[in-house]
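Undergrad: build me a structure from this.
(2 chains)
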There are 2 protein chains.
Amino acid sequence: MRIQVEQKKLAKHINIVQKGISSKTTLPILDGILLEAKEGRLKLTGTDLEIGIESYIEANVLEEGSIVINSRLFGDIVKKLPNSEIDISTSENKMNIICGSSQFNLIGNPALEYPELPTLIDQLSLKIPMDLFKNIIRQTVFATTQDETRPILTGVLFEIIDGNASFVALDGYRLALRNVKIDSSEDIKVVIPGRTLSELNKILEEDEEDIEITLTPGHIVFNIGDTLVFSRLLEGQFLNYRDIIREDHETKVKVNRKELQDSLERASLLAKEEKANLVKLNLFEDKLAIKSNSEIGNVHENMDVELEGKDVNIAFNSKYILDGIKAIEEEEIELFFMGSLNPCIIKPVEDDNYIYLVLPVRLAKDDY
Amino acid sequence: MRIQVEQKKLAKHINIVQKGISSKTTLPILDGILLEAKEGRLKLTGTDLEIGIESYIEANVLEEGSIVINSRLFGDIVKKLPNSEIDISTSENKMNIICGSSQFNLIGNPALEYPELPTLIDQLSLKIPMDLFKNIIRQTVFATTQDETRPILTGVLFEIIDGNASFVALDGYRLALRNVKIDSSEDIKVVIPGRTLSELNKILEEDEEDIEITLTPGHIVFNIGDTLVFSRLLEGQFLNYRDIIREDHETKVKVNRKELQDSLERASLLAKEEKANLVKLNLFEDKLAIKSNSEIGNVHENMDVELEGKDVNIAFNSKYILDGIKAIEEEEIELFFMGSLNPCIIKPVEDDNYIYLVLPVRLAKDDY
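TA: Got it, this is the predicted structure:
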């Protein structure tokens, strides 16, 4: 192959496909980027067999061909070259890079040794604005589990029923649910690996342009203009999350989100000195008191709130309650309680687009 | 003690004295910051017994007193408080912090348990602009050794002879020398620990204001307005660096610094794949060719230079030659060679304010 390509463009697209490459691969060929020059375009591919990313760049293709080249080294070299035209040619498994007065000769691998990405048969396609999808990822993916013994919970459930889409993550301690309207005639229910969404989030730009999502048996494909991100779907039964979210409550509290977040963050400075990472909330007469203590000291935070219903004393792992509050953008939020043993539900005021549920920590009565 | 102090100011000065506190201390009291309220000021002290930092803040002192409080926790709390007035009071070893609707109770230690910083008898004082001193640190401290078996070389030599000051660092592979004019009537020769200079560099602002340097037997003190940095001096005989820097040369090369740096950085991408981290320089007929190779490939870089004298083939550890080139700010630099076995000297063109010397790596004749 022989191509001429702009340094800046090439560096950008290498960076994109590198998101699909795992540093912990056991298959050496997967350390590489597959380069394929054809019909006026250079196609870059990176994969760890779970995720695959293909990205296309316009290039002056003087001779078609392909090669696999070490991703890290190739990326570092291209990044360090001056912003001008790069001349890349290959012969068998050797690559020659010329740019200005720099010349590199690298040893790669034949493209034949690179695994084939699955051939996909479209089942269903839908569109969603990029910035909205970034937000959905931000609001859910943190609540997936890192525990590989429960693989299905390392992913985010993506469900559409009658044009109402829900994205759900849960790890046994908390649940994050994002609802959006999506233009889709068919119902679906799939589980997308959390890692896929995290990597996708790094590639997506804050942009109102649409990303196209295609489902095929066992796979999902995200089409972002010149880049395709493939991912396996997770297999197995996701928990029936609807049963977890109760509608009834004994206590409803309206509070300023930022103020609550700041107070919890200060309280957690002492909470995190202890293993349980405990913050205690006492709600009584339009007041919220947050307390935490450790060997080295204790903290009291007081806030004004709007309380409807019963007083409540409840305790949480400070990280779990904070994660959900930080995921919300709205200024005012509502917290719903049903005693000190049932989950707390957190939502933006009068808005069911986002629901966060967190389990309390059970304490002896005198410890609240 | 009881004081009122501005959150923003307190956070800033905690951050300063934390630079003197080591995370690896074996003496638990040194994890703490000593707070002393007296005569309308709060004095903060942090030390690891090698370095000591004292910083003063204006405060409303309602009751004088002192306490030692965990540096990390106290710093984290103050950082997270709102930007308003903080009320701090202590009774015995307990501290109470009130700010807005937040209240913290922390357990500290009595100030009596805190080690005393040395009482210093001034020997000599001199002044140097802050931004110049930052630059001196940047240009020398990286060339000190990390090898604790040669303690004197972990420091930077500070020498004044007839008003000519020299700052020198060397580690057996390279030497960095910075010369400046300083208004001083006395000659001095001391070795300042590299760590002191690195921490000082983080505190100093890019500012033309003077920093006052005071020498006392065994110690050096840097006075930066409201902050004093004390440091032990290193004991022992520094190498006679003047013998290392030869004046004669067989080859002189003038080259654009940025261009050389970029080429060496690209070459080092392959060099660093191998343990020796080797780059080879071939100088002939106003051309500089830089080469490096590893198992995975090789690189050739070509540059135009102005060469006077003999051609030369020489090899370096790419990190050592690059460090020196990056330390220079001037656009054009000169390299002086005396064959392939003697050190290379690098300087800004027609300027002896900065001299960097780097040892070559000896190769078999055919390997250049």
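
Undergrad: which strand or helix spans the residue in the stretch 51-200 of chain A positioned nearest to chain B?
TA: Taking C-beta to the nearest C-beta as the measure, the stretch 51-200 of chain A has A:L106 as its residue closest to chain B, at 3.6 Å. From N, CA and C alone the C-beta is placed, and that goes for glycine too. Element membership of A:L106, judged by DSSP states H and E, is strand A:102-107.

Undergrad: now stretch A:174-182, how far from the centre of its chain.
TA: With C-alpha atoms, centre = their mean, to the nearest Å as the basis, the distance from the averaged C-alpha position of stretch A:174-182 to the chain average is 14 Å.

Undergrad: what comes into contact with it?
TA: The set of residues that contact stretch A:174-182 without belonging to it, under C-beta atoms under 8 Å, 6 or more residues apart in numbering or on different chains, is A:126, A:128, A:132, A:135-136, A:139-140, A:142-143, A:160, A:163-170, A:241, A:244-245, A:320, A:323-324, A:327, A:352-359.

Undergrad: circling back: what's the separation between the residue of the stretch 51-200 of chain A closest to chain B and A:D31?
TA: Remark: distance between A:L106 and A:D31 (C-beta to C-beta, to the nearest Å) = 13 Å.

Undergrad: ok, A:T119 next?
TA: Spatial separation of A:T119 from A:D31 under the definition C-beta to C-beta is 24 Å.

Undergrad: nearest residue to A:E206 other than its sequence neighbours?
TA: Excluding its sequence neighbours, the residue lying closest to A:E206 (C-beta to C-beta, 6 or more residues apart in numbering or on different chains) is A:D131, at 5.3 Å.

Undergrad: how about the secondary structure of A:K202?
TA: When the structure is reduced to helix, strand and coil (DSSP: H, G, I helix; E, B strand; the rest coil), A:K202 reads as helix.

Undergrad: enumerate every residue touching the closest residue to it other than its chain neighbours.
TA: If the residues on either side of it in the chain are set aside, A:K202 comes closest to A:K19, at 5.8 Å by C-beta to C-beta, 6+ apart. The contact partners of A:K19, by C-beta under 8 Å, 6+ apart, come to A:46, A:51, A:53, A:199, A:202-203.

Undergrad: whichever residue of the stretch 151-300 of chain A sits closest to chain B - nearest residue in space that isn't next to it in sequence?
TA: Across the stretch 151-300 of chain A, the shortest distance to chain B (C-beta to the nearest C-beta) belongs to A:G297, at 3.7 Å. With C-beta to C-beta, 6+ apart as the measure, B:L106 is the residue that lies nearest to A:G297, at 3.7 Å, once sequence neighbours are left out.

Undergrad: before we move on, back to that, any of the contacts of stretch A:174-182 buried? List them.
TA: Among the contacts of stretch A:174-182, the ones that count as buried by 16 or more other C-beta atoms under 10 Å in any protein chain shown are A:126, A:128, A:135-136, A:139-140, A:142-143, A:160, A:165-170, A:241, A:320, A:323-324, A:327, A:354-359.

Undergrad: which of the contacts of A:K19 lies closest to A:V156?
TA: The closest of the contacts of A:K19 to A:V156 turns out to be A:E199 (C-beta to C-beta; 13.1 Å).

Undergrad: elements contacting whatever helix or strand that closest one lives in?
TA: For A:E199, the enclosing helix or strand under DSSP H and E is helix A:194-203. Taking 3 or more C-beta pairs under 8 Å, 6 or more residues apart in numbering or on different chains; DSSP states H and E as the contact definition, the neighbouring helices and strands of helix A:194-203 are strand A:51-58, helix A:130-140, strand A:155-161, strand A:219-224, strand A:227-232.

Undergrad: one more pass at 6 Å, please.
TA: helix A:130-140 (3 or more C-beta pairs under 6 Å, 6 or more residues apart in numbering or on different chains; DSSP states H and E).

Undergrad: packing partners for the helix it packs on?
TA: Taking 3+ C-beta pairs under 6 Å, 6+ apart as the contact cut, helix A:130-140 packs with strand A:164-170, strand A:174-181, helix A:194-203.

Undergrad: any chance of JSON lines for those, columns mean pLDDT?
TA: What follows is the helices and strands packed on helix A:130-140, written out as JSON lines (pLDDT from 0 to 100):
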{"stretch": "strand A:164-170", "mean pLDDT": "97"}
{"stretch": "strand A:174-181", "mean pLDDT": "97"}
{"stretch": "helix A:194-203", "mean pLDDT": "96"}
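
Undergrad: adding distance to A:K94, write these out as TSV.
TA: Putting those into TSV (distance: least, C-beta to C-beta, whole Å) gives the following:
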stretch	distance to A:K94
strand A:164-170	46
strand A:174-181	49
helix A:194-203	30
